[in-house]
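Undergrad: Sequence and computational prediction follow.
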Amino acid sequence: MSGAGYPTMALMLASSRPNGQQGRGYNEKCSFQMPLHYPKYTKKDYENMPEWKLDCLLRQYGLPVNGDVNYKRTFAMEAFLWPSQYEKN
């Protein structure tokens with residue numbers, strides 16, 4: 001997993017300080033909200049998932065949606081599957 005989303009999350013956390021002197025106001029909504037549920041797809045599900053569904057899933061978790069469909073599938077599997085699930089054939 002590349003960790004590309006971490007700097008954005010750190011900036012959002014830093015900008016939501018209650019003192020109101022740095023960053024955005026405390027009561028403003030940020031652009032990312034963590035989904036309540038972790039995706040429960042299998043490796044086979046990701047391998048057969050259409051590109052539009054991969055795009056939706058990655059956007060929902062604030063992850064990058066760049067690259068071709070094979071890159072997105074690999075990225076999603078590495079992000080959401082445990083290594084033992086990902087390495088299964």
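TA: Okay, I see it.

Undergrad: and stretch 62-78, which residues are buried?
TA: Gly62, Leu63, Lys72, Arg73, Phe75, Ala76, Met77 (16 or more other Cβ atoms under 10 Å). In this view, the C-beta of every residue, glycine as well, is placed from N, C-alpha and C.

Undergrad: Could I get these in TSV, plus columns for pLDDT?
TA: Listed next are the buried residues of stretch 62-78 as TSV, based on pLDDT from 0 to 100:
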residue	pLDDT
Gly62	87
Leu63	89
Lys72	95
Arg73	95
Phe75	94
Ala76	93
Met77	93
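
Undergrad: closest to Leu54 among those residues?
TA: Proximity of the buried residues of stretch 62-78 to Leu54 (Cβ to Cβ) peaks at Lys72, which lies at 4.5 Å.

Undergrad: what residues does whichever strand or helix holds Cys56 touch?
TA: Assigned by DSSP states H and E, Cys56 falls within helix 51-60. Under the contact criterion Cβ atoms under 8 Å, 6 or more residues apart in numbering, helix 51-60 has outside partners Pro35, Pro39, Tyr46, Met49, Pro64, Val65, Val69, Lys72, Arg73, Phe75, Ala76.
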